[in-house]
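**Q** give me the fold of what follows.
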Amino acid sequence: MLTSVIPASAATWSLTGDTNVHDPAYIKEGNTHWVFSTGSGLQVLYSTNGTNYVRSLPIFTAKPSWWSSYVPGQVGLDVWAPDIFYYNGTYYLYYSISTFGSRVSAIGLVTTNSISGGVWTDKGVVISSTEASNYNAIDSNISQDANGNLWMVFGSWSNGIYITSISKSTMKPTGNSYRIATKSGGIEGASLVYNSSTGYYYLFVSIGSCCQGVNSTYKIAVGRSTSVTGPYYAKDGTDMKDGGATVLDSGNDYWKGPGGQDVSGTSVIARHAYSVAENGAPKLLISDLYWDSSGWPYYN
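**A** Numbering: from 1, shown residues only. You can find the predicted model right below:
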C-alpha cells in the first residue's frame, strides 16, 4: 500500500498510513481520532495520534431491510457521505444511500454510545427523496445553533442545498425543508458551522464536479449568515441561494479537486482531494482552520 505524506505547512497535518477516503467525516473520541467515509459498508479509519491512520471494520456488513424500499437501485453496500455528531452522550452517524445521478435517495442513521466499542444501532430512514422531489436526500450534516437548537443541511446538484430543523428526541426532521444555496455546475456536501466568536453561521459547500481524479473540478466554498436559516452571502454580497460562493480552496499542484469537507468545531477541517503523485487517488487531508479579522475562515 502506498503511503501518502502531505506537504507540510503551518496548518496542514502531515498524515501517514491508510488515508484513502471520499467525503470524510471527522471526530475525536477521547484520544482517538475517527474518520468515516464513502465506501462499501461505510468505511472507518482511526488514529491514536491524529496523523497515522489505520482502517477499521466497516459499519455495515449486511444491508438493512429498509434500504431496498427507499432506493431499489442501490448496489450492494455502497454508502455515501457520512456525518458524525455527538449529542447528549450519543454518537449519531448519518449517511446516504442513492444511485449516481438520481434523486431516488435516502439519508439513514445509526447510533452508538462508544465508537471504539463498535456496536451501532440502526435508527432507520431520516429523510428520503424520489425523482419527483424538489431535493436530493444525500450529504447530510447536523449542527447546533446559538440557542441550542439542532439543524440538518443536506442536498446536492438537484436543486441545491436545503436546511431543516431536527428533533432533539428523534434526531430526525420536525418540519419543512428550505433551500438555502444553489450553484450552476454543481453544489453538494454542505457543512454548517456556528462561530460564537464572530456571531455568524457559515455554510461550507463543495462546488463543481468530483470523482474524476485529477480532472475533478471540485472546490470548497463558503458563505455566511446572521441567521441559521439564511440568507447566506458570499464575500461579494451575492446570496448563496442565487449562486453566490466564496472559494476557500481550489486545490494546488499536489492536490486536485478538494471537497467533501467536514468542519469539526471551528478549528479543524477535513476533506478529500485527488493526489497528483498517485494518479488521482482520493486522499484524506486535515488542516487547522483559522478565522481572519473580518470573520472569514481560511487554512493553508
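**Q** where exactly do the strands run in the stretch 201-300 of the chain?
**A** Ranges of strands in the stretch 201-300 of the chain, per DSSP state E, counting those that start in this stretch, are 219-225, 246-249, 255-264, 268-275, 281-288, 290-291, 297-298.
**Q** for this structure, which spans come out with low pLDDT?
**A** Within the chain, the ranges that satisfy pLDDT under 70 run 1-10.
**Q** which stretches of it form helices?
**A** Shown for the chain, the helices assigned by DSSP state H span residues 65-70.
**Q** which residues touch Ser209?
**A** Contacts for Ser209 were tallied using CB atoms under 8 Å, 6 or more residues apart in numbering; they are 185-186, 216-218, 257. Every C-beta, even on glycine, is put in place using the N, C-alpha and C of the backbone.
**Q** filter the residues you listed to the buried ones?
**A** Buried by 16 or more other CB atoms under 10 Å: 186, 216-218, 257, out of the contacts of Ser209.
**Q** from Val21, how far off is the most centrally placed residue in the chain?
**A** Centroid-nearest residue in the chain: Asp262, 4.6 Å away (criterion: CA atoms, centre = their mean). Asp262 sits 11 Å away from Val21, taking CB to CB, to the nearest Å as the criterion.
**Q** identify the residues contacting stretch 106-119?
**A** Applying CB under 8 Å, 6+ apart, the external contacts of stretch 106-119 come out as 27, 29-30, 32, 34, 56-57, 59, 64, 66-67, 70-71, 89-98, 120-129, 137-138, 140, 154, 171-172.
**Q** in strands, which of the residues you listed appear?
**A** 27, 29, 32, 34, 90-97, 121-129, 154 (DSSP state E).
**Q** out of those, which end up buried?
**A** 27, 29, 34, 91-97, 123, 125-129, 154.
**Q** contacting residues for the residue nearest to Gly260 when sequence neighbours are not counted?
**A** Spatially, and ignoring its direct neighbours in sequence, Gly260 is nearest to Asp23 (3.7 Å; CB to CB, 6 or more residues apart in numbering). Each residue near Asp23 by CB under 8 Å, 6+ apart is listed here: 37-38, 80-82, 139, 189, 260, 272.
**Q** which one of the contacts of Ser209 sits closest to Gly160?
**A** Lowest distance from Gly160 to the contacts of Ser209 (CB to CB) belongs to Gly186, with 10.2 Å.
**Q** now do the contacts for the closest residue to Thr182 other than its chain neighbours.
**A** Counting by CB to CB, 6+ apart, Thr182 lies nearest to Gly160, which is 3.7 Å off, once chain neighbours are set aside. Gly160 sits next to 135, 179-183, 187, 241 when contact means CB under 8 Å, 6+ apart.
**Q** now Asp239
**A** Asp239 neighbours (CB under 8 Å, 6+ apart): 230-233.
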